[in-house]
Structures are given as structure tokens and as C-alpha cells.
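**Student:** Build me a structure from this.
(one chain, ligands or ions: 1)
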Amino acid sequence: MIEIRELTKSFGERVAVDHLSLSIEKGEFFALLGSNGAGKTTTIKMISGLQTPTNGDIIIDGMSIFSNLQQSKQLMNISPQETAVAPNLSVKENLEFTAKIYGFDKNEAIIRAGEMMEKFSLTDRAKAKAKTLSGGLQRRLSIAMAMISNPRIVFLDEPTLGLDVRARRDLWNILLGLKGQMTIILTTHYLEEVEALADRVGIMHHGKLCALGTVDDLKEQYNKNSLEEVFLSVTEEMEVLV
Ligand SMILES: Nc1ncnc2c1ncn2[C@@H]1O[C@H](COP(=O)(O)OP(=O)(O)OP(=O)(O)O)[C@@H](O)[C@H]1O
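**Tutor:** Residues are numbered from 1 along each chain as shown. Prediction:
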């Protein structure tokens, strides 16, 4: 379980994440939804240990990640917004290379790469250089690389940004197939993505977590028919308050 306590990050005067508290269950698919600049990326950078908070703590299975950074980092991996693939390496080489970085020997790396290509439907593109893949396939490869070490927690930062409808659906189907096998924390602007994938959603606005629950919970709580209406209502309330 991940327990986020009063997490805060300031950049000078700007408070990017403001006293965020939240618990995420083991194996949960959790979505952080928010408009541009809401603080989603900063939040996942802190949870994944890439950024130090100004205040607050994150506890994973009873252990503070900032006091045990190296150990904690082994539990998780991130697929960032900017693609992490090496353009001149093939799909297979990118995967094998990543597996070796995580300590798999040559044979294990070949086996893991093969398994990930199967899971992510990349086998027929094994020998293609990453730079020749479509945006959708590059993103799939990037996520496969983030998952190759079998992390317990994976962060996906806007995984379908810029993808066309088909590529987005294909990736959703792959992610649905992985649901429950690891804890997945996803940031997105897409409401349909949350509805299709997430067990629970947190809505962020101006650095604050302003709503939390399943999509159905939130519709009921705010007396709305769709997540979009909930989102608009919650963020409007916040605008009135700030
Ligand atoms: N390194 C930084 N230095 C200064 N300000 C930063 C830095 N990183 C983020 N910010 C600011 O913190 C706020 C939150 O940014 P963040 O990238 O976390 O938002 P986001 O919800 O991920 O947005 P987007 O959906 O556009 O990716 C923004 O106002 C941003 O300008």
C-alpha cells in the first residue's frame, strides 16, 4: 500500500502540490486527473522518488521512501511523458538493454524481452528501429520497458497523449490485460481513459486533491450524470475558492 501524507512541493512562490494526502491499494489502477499545471506530474515524480518534496512523506508498506530511496526505487518504475526509447536501437534491443540495466543476465534479458513483446503486441516489429515506429508503438515500447523489471508500482504519465483513437484503444486493451498484476498510477487529461481503466480517480486542481473515489462514487456524490460534469463542477468550485 502507498500512503501519501501531506505531500507538498513548492517551486519558489509557486505551490505545485499542496498538502496532498491519499492512500493507494496494492494492485489498484489509480488515475490522477487534472487540467494543465494541476500538479499531476510533480506528484508522480515525488512518489517515484525523482523529486524531493518540500514537505510531507510517502510510505510504502510501512517504509518512508525518502529515508529508503534506493530500496524504494527498486519497487517502481516510470514511463515518462517524453519517450524513453533509444531511437537507433531495435524494439528487441531496447527491451534487452533495459532488462540488463535491471540486472537480468543475457539469457534472462532475451526471455523477458520476448515476453514483453508478446504482452505489448510488438513481436512482429522486434527488429524495427524504435525511430521507425509510430507514436503509438513507441509509447507502447516505452511502457513495456518500464514494466520489464516486474516493478510492483508503475507510473504512466499521460500514456496516450497525442495518440490516435485506434492507438489509444489498443493501449487501453493492453493495460486492461495487466490490471491487478501491479499497482498502476496513471495521469491523464482524458476522462474516457479514466472511465475505461481506473479503479479509482483523484481529481487535482491548483495542486490540491479536490475529489477522490470511483467514477460511480463521484457521480453520486456530486449528483452528476458523467465524470465530465463532476470534473467541471469540482474545478469550478475550486476556482471560486481561490
Ligand atoms: N521544475 C519546475 N520549476 C518550476 N515550476 C515547476 C517545475 N515543475 C513544475 N512546475 C510548475 O508546477 C505546476 C504543476 O506542474 P505539473 O507539471 O506537475 O502539472 P501537470 O498537472 O502535470 O500539468 P500537465 O497536464 O500540463 O502535464 C505548474 O504550474 C508548473 O509550471
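
**Student:** Break the protein into its domains for me.
**Tutor:** 1-75+152-166+177-242, 85-151 (automatic domain parsing).

**Student:** what comes up buried for stretch 66-83?
**Tutor:** Residues of stretch 66-83 classed as buried: 72, 75-81, 83 (neighbour count, 16 or more other CB atoms under 10 Å). Quick note: C-beta positions are derived from backbone N, CA and C, even for glycine.

**Student:** can you check stretch 217-230 too?
**Tutor:** Neighbour count says stretch 217-230 has 218-219, 222, 224, 227, 230 buried, by 16+ other CB under 10 Å.

**Student:** Which of the residues you listed fall within helices?
**Tutor:** In helices, defined here by DSSP state H, the members of the buried residues of stretch 217-230 are 218-219, 222, 227, 230.

**Student:** ok, so of the buried residues of stretch 217-230, who is nearest the ligand?
**Tutor:** Closest approach to the ligand among these (CB to the nearest ligand atom): Leu227, at 16.9 Å.

**Student:** Please tell me how far that closest one sits from Asn150.
**Tutor:** Noted for Leu227: a distance of 32 Å to Asn150, by CB to CB, to the nearest Å.

**Student:** same deal with Thr54?
**Tutor:** Distance of Thr54 to Asn150, computed by CB to CB: 32 Å.

**Student:** Repeat that for Asp124.
**Tutor:** Distance of Asp124 to Asn150, given as CB to CB: 24 Å.

**Student:** Residues of this structure that sit close to the ligand?
**Tutor:** Residues of the chain that fall close to the ligand, judged by CB under 6 Å from any ligand atom: 11, 14, 16, 34, 36-42.

**Student:** how about a cut-off of 8 Å?
**Tutor:** Within the chain, the positions lying close to the ligand (CB under 8 Å from any ligand atom) are 9, 11-12, 14, 16-17, 34-43, 45, 81, 157-158, 187, 189, 204, 207.

**Student:** what helix or strand does the residue nearest the centre of the chain sit in?
**Tutor:** Computing the C-alpha centroid of the chain and ranking residues by CA atoms, centre = their mean puts Leu156 first, at 2.3 Å. Take DSSP states H and E as the rule and Leu156 turns out to sit in strand 153-157.

**Student:** Could you list every helix and strand in contact with that strand?
**Tutor:** helix 40-47, strand 76-79, helix 135-147, strand 183-188 (3 or more CB pairs under 8 Å, 6 or more residues apart in numbering; DSSP states H and E).

**Student:** tell me how far it is from the chain's mean position?
**Tutor:** The chain centre lies 3 Å from the centre of strand 153-157; the measure is CA atoms, centre = their mean, to the nearest Å.

**Student:** Next: stretch 63-82.
**Tutor:** Its chain's average C-alpha position is 13 Å from that of stretch 63-82, according to CA atoms, centre = their mean.

**Student:** In PDB, list the C-alpha atoms belonging to it.
**Tutor:** Extracted C-alpha coordinates of stretch 63-82, given in PDB (Å, rounded to 0.1, in the frame of the first residue of the first chain):
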ATOM      1  CA  MET A  63       8.600   2.400   4.900                       C
ATOM      2  CA  SER A  64       9.200   6.100   4.100                       C
ATOM      3  CA  ILE A  65      10.500   6.300   0.600                       C
ATOM      4  CA  PHE A  66      12.700   9.300   1.200                       C
ATOM      5  CA  SER A  67      14.500   7.600   4.100                       C
ATOM      6  CA  ASN A  68      15.000   4.500   1.900                       C
ATOM      7  CA  LEU A  69      15.300   5.900  -1.600                       C
ATOM      8  CA  GLN A  70      17.400   3.200  -3.200                       C
ATOM      9  CA  GLN A  71      15.300   0.300  -1.800                       C
ATOM     10  CA  SER A  72      12.100   2.100  -2.800                       C
ATOM     11  CA  LYS A  73      13.200   2.800  -6.300                       C
ATOM     12  CA  GLN A  74      13.600  -0.900  -6.900                       C
ATOM     13  CA  LEU A  75       9.900  -1.400  -6.300                       C
ATOM     14  CA  MET A  76       8.800   1.000  -9.000                       C
ATOM     15  CA  ASN A  77       9.300   2.300 -12.500                       C
ATOM     16  CA  ILE A  78       8.000   5.200 -14.500                       C
ATOM     17  CA  SER A  79       7.000   5.600 -18.200                       C
ATOM     18  CA  PRO A  80       7.600   9.400 -18.600                       C
ATOM     19  CA  GLN A  81       5.700  11.800 -21.000                       C
ATOM     20  CA  GLU A  82       8.800  12.200 -23.000                       C
END
